[in-house]
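K.L.:
give me coordinates for this.
(one chain, ligands or ions: 1)
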Amino acid sequence: MMVSFCTCERLAFREILAWANEHGATSFEEVQEGIKVGKRCGMCCCYIEYALATGETEVPYPCPPLPPVKAVPCAGCN
Ligand code: FES
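P.N.:
Prediction:
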């Protein structure tokens, strides 16, 4: 089974990611406050975090762990 939207707000992850891109939001907290999603039952929160981290608009159930953050080489250290 795949999860692709916040049922409480009737917002698809596709719409949430589009909003995040449009507004330059990168963290779940920015998206949660900005578009007011994931603030009712909270069941969608980990799925939205995963969607933000991966760009995927459909997330497997149960929610997989977040992918590791890729290290960005520091230009000043090399
Ligand atoms: S499913 Fe998103 S807040 Fe309930």
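K.L.:
contact residues of this structure facing the ligand?
P.N.:
Proximity of the chain to the ligand (C-beta under 6 Å from any ligand atom) is limited to residues C6, T7, C8, E9, G38, R40, C41, G42, M43, C44. From N, CA and C alone the C-beta is placed, and that goes for glycine too.
K.L.:
drop anything exposed from those residues.
P.N.:
C6, E9, G38, C44 (16 or more other C-beta atoms under 10 Å).
K.L.:
quote the end-to-end distance of stretch 52-67.
P.N.:
11 Å (C-alpha to C-alpha, to the nearest Å).
K.L.:
how far away from the center of its chain is it?
P.N.:
8 Å (C-alpha atoms, centre = their mean, to the nearest Å).
K.L.:
buried residues, it. List them.
P.N.:
Quick answer for stretch 52-67 (16+ other C-beta under 10 Å): L52, E56, T57, V59, C63.
K.L.:
if I pick V31, what's in contact with it?
P.N.:
With contact set as C-beta atoms under 8 Å, 6 or more residues apart in numbering, V31 has these partners: I16, W19, A20, A25, V37, G38, I48, L52.
K.L.:
out of the residues you listed, which are inside helices?
P.N.:
In helices, judged by DSSP state H, the following of the contacts of V31 are found: I16, W19, A20, I48, L52.
K.L.:
tell me the pLDDT at the second one?
P.N.:
The predicted structure scores W19 at 97 on the pLDDT scale.
K.L.:
can you give me the neighbour number for the residue nearest to it when sequence neighbours are not counted?
P.N.:
Once flanking residues are discounted, W19 sits nearest to I35: 5.0 Å by C-beta to C-beta, 6 or more residues apart in numbering. When neighbours are counted by other C-beta atoms under 10 Å, I35 registers 20.
K.L.:
what sits against I35?
P.N.:
L11, I16, W19, A20.
K.L.:
filter those residues to the buried ones?
P.N.:
L11, I16, A20.
K.L.:
which among the residues you listed gets closest to A71?
P.N.:
A20 (22.4 Å; C-beta to C-beta).
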